[in-house]
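# coords please:
(chains A and B)
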Amino acid sequence: MAEPVPSPTAVRVLSWNVLCPEYALPREGRDPYQRSRRWLEPRDRFSRLVHRLRTDNADLVFLQEVPTQQWERDLRHVLRAAGYEAAIAPRRAPTRS
Amino acid sequence: MILVRTDRLGIVAHEGVPFLDGSNRVALLATVRSWREKTTFAAACVHLEWSEDGHSQAMELRYVLGLLDSRGYGRRAIVAGDFNLDLGASPLNAEVAAAGFRIATAPDRTATFVADGRAERLDDILVRGLDVMRAAPVPVVPVDPGLPSETVPSDHLPVSAEIALPMGAARALQATPAADAARANGPTETKPKSSAGKMVAGLVAAGVGALFVGHHAGDDGAAKAAAENCARSFLAQTGPCRKAFQTGVRKARQIAPAGHDLEQLAIDALAATCSEPRENPRPYFVKVAINMALAARHRSPPGETCELDDTIESPPWDPVRQYSDRRCAELIGRLLCSLDDSKAVIVRLRADRHSFAEIAESVGSTPEAVRKTFDRTCDALLDEIPSSCQ
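Predicted structure coming up:
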């Protein structure tokens, strides 16, 4: 007898602009994150970001505003250990003079 | 950045394509493979440039959707990211729909950017050729104090949806009456003895040619018929391309890692070959099959993850070294890409520690000829690579 064939199943897809660390730094003049500045301490923020991604446990994740350097330094190892593989496209040297 | 859970999906290939505005931004496009359904689809991660009138967003989204088509990513696609406008309320949505895409996120258009006294819908997920099973609601966040917050460490909320994946051709093969009958009857004397021959017989019996060209050839009737004829020329026992099919499968088997799904590889290579008219599709198919087998060899097997040992200290971060290594890697990569295919295959197989005899068997040459080609190619490459990278 033939093996049962599974019906189409779903993948959970998540997209998130995680806020570039550079933009999260305190700025001179008006601070857009003045009321929520306490949640932007870098080390704590990255760990909460990873925690959130692990909790959501999506199969396919699209992240924006992750600099390559941050990925290599803070995220790659922990997300790989959580079972994720990444495709990244580093920004290129600008062609505009 | 695109992340996949390796026990569920794999990234077959990806590329960063620069936007045309002269900036350093790139669109990230990937081909993603589902292990369970044995099917592939395209994924594009976008962060569109903001402009008040939406002109930049429209230009860049058109560009990305065009890339998916012009670069042969196929019909099934997921495009997600920060669109920097409310796509649902934008005239751009009509263009998106005309390109076959629809918004996969919940229709309530709750704001996803909540900061700086503003609340706007900027993030979305688009799908084409795939069904949306569930769109997760986006929670409403008060503008004051807004984001970031303890649970959302960004000024954007994530958006998510559950997308149904269809079964791939190899998986569907199990479900067809012809395949059931073949399994029930067991092997017969008329069945070809070679494994490539068995594969052809199975594919033809199950009508897979028609099945997969339906996925890959789009909706145009003439193109679909041409693609199907092309596929049958490879699959039919008396087809003019049958020998090339057997050669491609044989070479792929020699290169691909043990246990790799060769049947699916053959279907994927055939779909790529027949997706557009070619004067002579035979060598193209063989080349694609070899390249897919090489890619499978370089990729980690599904489900394999690396458990990191916390006791091993990371090396100190050295940006100069990192930059230098990357520059060398890119240079060597460019040089390898500039080789013609016959040389590139030999270099890659040799790098994978195949013997000259094995490579000769794979490329249909003699070990001595392969050795000479390899030595000459390496000499030429070394002349081009600066000593600091050697």
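# you'd agree B:Ala236 is up against B:Cys230?
No. Applying CB atoms under 8 Å, one finds B:Ala236 not in contact with B:Cys230, separated by 11.3 Å. Any C-beta I mention is one placed from the backbone N, CA and C, and that applies to glycine too.
# those two: who's more crowded?
Comparing B:Ala236 with B:Cys230 by other CB atoms under 10 Å in any protein chain shown, the one with more neighbours is B:Cys230, at 24 against 16.
# for chain A, which segments count as strands?
Assigned by DSSP state E, chain A shows strands spanning A:9-17, A:60-64, A:84-87.
# what's in contact with the last one?
In this case it means strand A:84-87. Contacts with strand A:84-87, where a contact means CB atoms under 8 Å, 6 or more residues apart in numbering or on different chains, come from A:61, A:71, A:76, A:79-80, B:1-6, B:10-11, B:14, B:28, B:30, B:300.
# neighbours of residue 47, just the number please.
All of this refers to chain A. 13.
# other chain: chain B
As a burial measure, B:His47 scores 22 neighbours (other CB under 10 Å).
# same thing with the one 3 residues further on?
Under the neighbour criterion other CB under 10 Å, B:Trp50 is assigned a count of 13.
# just B:Trp35 next, same as before
When neighbours are counted by other CB under 10 Å, B:Trp35 comes out with 15.
# got the phi and psi for it?
The phi and psi torsions at B:Trp35 (degrees, to the nearest 10) take the values phi -70, psi -40.
# let's verify the nearest residue to A:Val61 once chain neighbours are set aside: helix, strand, or coil?
Nearest residue to A:Val61 in three dimensions, chain neighbours excluded: B:Leu3, at 4.0 Å (CB to CB, 6 or more residues apart in numbering or on different chains). Three-state assignment for B:Leu3 (DSSP: H, G, I helix; E, B strand; the rest coil): strand.
# dump the residue contacts of B:Leu3.
Taking CB under 8 Å, 6+ apart, we find B:Leu3 in contact with A:53, A:60-61, A:63, A:79, A:84-87.
# repeat for B:Trp50
B:56-57, B:84-85.
# and the helices in the chain?
No chain in the question, so chain A it is. Shown for chain A, the helices assigned by DSSP state H span residues A:21-24, A:42-56, A:68-70, A:76-81.
# wait, chain B was what I had in mind.
With DSSP H, the ranges of helices along chain B come out as B:55-70, B:92-98, B:169-173, B:177-185, B:195-205, B:208-216, B:221-235, B:242-255, B:262-274, B:281-298, B:319-338, B:341-351, B:356-363, B:367-384.
# center of chain A, which residue is that?
Centroid-nearest residue in chain A, with CA atoms, centre = their mean: A:Leu63, separated by 4.5 Å.
# quick check: closest non-adjacent residue to it.
Per CB to CB, 6+ apart, closest to A:Leu63 is B:Met1, 4.4 Å.
# hmm, back to that, closest to B:Leu61 out of the helices of chain A?
Evaluated with CB to CB, these place helix A:21-24 nearest to B:Leu61, the distance being 22.5 Å.
# biggest separation within the contacts of B:Trp50, which pair?
Using CB to CB, these reach their maximum pairwise distance at B:Ser56 and B:Leu85, which is 9.4 Å.
# who's in contact with A:Ala82?
Contact analysis of A:Ala82 by CB under 8 Å, 6+ apart lists A:50, A:53-54.
# what's the separation between it and B:Thr373?
44 Å (CB to CB, to the nearest Å).
# if I look at B:Leu61, how far off is B:Ala80?
12 Å.
# give me the low-pLDDT residue ranges for the chain?
Just going to use chain A. A:1-8, A:91-97 (pLDDT under 70).
# switch to chain B, please.
Residues of chain B meeting the criterion pLDDT under 70: B:168-221, B:224, B:299-330, B:352-353, B:387-390.
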